[in-house]
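K.L.:
I need the structure of the sequence given here:
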Amino acid sequence: MVKKQIKAFFAAFSMYSKIPVPQVEWDDDTLKYALFYFPLVGVAISLAMLLADMALSAANAGNALCAAVKVVIPIAVTGGIHLDGFIDTADALASYQTKEKKLEIMSDPHIGAFAVIGLACYILLCFGLWSEAVYNFRINFCVYGGFVLSRAISGLCLVNFKKAKTGGLAAAFSDRSAKNAVTTVMLVYIILIVLSMVKACGIFAVFSITAAAGCAIIYYFTAKHNFGGVTGDTAGRFLCICELAILCGCVIGDKIL
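P.N.:
A predicted model of the protein is given here:
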């Protein structure tokens, strides 16, 4: 059992990050538990952010440089896999075609104009919001926790939401996962992160928690209406939007409180 869990851990990190890990065979036993470790990629991002914070603070770096580094770190750690889903989904949503045609557009390796526009807007918003919050403890704590929270919600959605198609990585991970076990583990992650946010930041944590919950609801209805269910690309878009919404909610909350 321990060997299976280790293989599942390596599979999750090899799929959802660029962190070097031993390569393992993606058999049924491995994929059955792989999603258990998906939120831990968020922990790795948070640790990388903390190390960057210490280095930037020691160098007395300005807000612009700090913001740029914080935009780049999640992309570097994940290899941009979720941003790729964001880009593909942006093109599909902008087409206003049928569900079947949108799925075809998402599968097209070429990048359209709306994907470029969406990506530019996303990066600019991330940079602008981080420039408002680089040395703010409570914002940083909630956003770093959000990297774990967003992945726990994504894993929960992946095994419980209807899939738009039978093929693809989303269906492979979902269909071969231990659904009840994954659901339980993701809920534990969510509860622990939410309690940690509330414990550390009090009422301020409500802004990030509400933002994450709202994104999950929008994710469900958007995917269902436009694609007939979720895919790997829509899951990637959800993570990007959720993390941006948590950051935005924290910045707004900081202004209010």
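K.L.:
all helices of the stretch 51-200 of the chain, in order?
P.N.:
Secondary structure of the stretch 51-200 of the chain (DSSP state H, counting those that start in this stretch): helices located at 63-78, 81-95, 99-107, 113-131, 137-160, 169-175, 179-201.
K.L.:
give me the below-cutoff pLDDT ranges for this structure.
P.N.:
Residues of the chain meeting the criterion pLDDT under 70: 1.
K.L.:
count of neighbours near the nearest residue to Val194 once chain neighbours are set aside?
P.N.:
Distances taken as Cβ to Cβ, 6 or more residues apart in numbering place Ile209 nearest to Val194, at 5.7 Å, with adjacent residues excluded. For every residue, glycine as well, the C-beta is placed using N, CA and C. Neighbours of Ile209 under the rule other Cβ atoms under 10 Å: 20.
K.L.:
then Ile75?
P.N.:
Count around Ile75 with other Cβ under 10 Å applied: 17.
K.L.:
ok, and the closest non-adjacent residue to it?
P.N.:
Nearest residue to Ile75, sequence neighbours excluded (Cβ to Cβ, 6+ apart): Leu83, at 6.1 Å.
K.L.:
which ones are touching the one you found?
P.N.:
Residues counted as contacts of Leu83 (Cβ atoms under 8 Å, 6 or more residues apart in numbering) are 75, 119, 122, 236, 240.
K.L.:
relative to Thr184, how far out is it?
P.N.:
Applying Cβ to Cβ, to the nearest Å, the value for Leu83 to Thr184 is 29 Å.
K.L.:
equivalent analysis for Ala245, please.
P.N.:
Ala245 sits 26 Å away from Thr184, going by Cβ to Cβ.
K.L.:
and if you look at Cys248?
P.N.:
Using Cβ to Cβ, Cys248 is found at 30 Å from Thr184.
K.L.:
of those two, who's got more company?
P.N.:
Each of Cys248 and Thr184 has its neighbours counted (other Cβ under 10 Å); Cys248 has more, 19 against 13.
K.L.:
what sits against that one?
P.N.:
So Cys248 contacts 125, 129, 211 (Cβ under 8 Å, 6+ apart).
K.L.:
how about the last one, nearest residue that isn't a chain neighbour?
P.N.:
Of all residues beyond its chain neighbours, the one nearest Ala211 is Gly249 (3.6 Å), with distances taken as Cβ to Cβ, 6+ apart.
K.L.:
show me what counts as buried in stretch 39-56.
P.N.:
For stretch 39-56, burial by neighbour count (16 or more other Cβ atoms under 10 Å) applies to 39-42, 44-46, 48-49, 52-53, 56.
K.L.:
make that stretch 214-234, sorry
P.N.:
Neighbour-count burial for stretch 214-234 flags 215-216, 219-220, 222-224, 226-234 (criterion: 16+ other Cβ under 10 Å).
K.L.:
tell me the one of the residues you listed nearest Ala152?
P.N.:
Set against Ala152, the nearest of the buried residues of stretch 214-234 by Cβ to Cβ is Ala216 (10.5 Å).
K.L.:
how close does the closest residue to that closest one other than its chain neighbours sit to Gly253?
P.N.:
Leaving aside its chain neighbours, Ala216 sits nearest to Ile153 (5.2 Å; criterion: Cβ to Cβ, 6+ apart). In this view, Ile153 and Gly253 are 19 Å apart by Cβ to Cβ.
K.L.:
these two - which one has more neighbours?
P.N.:
The residue with more neighbours, out of Ile153 and Gly253, is Ile153; 25 against 21, by other Cβ under 10 Å.
K.L.:
nice, that's everything, thank you.
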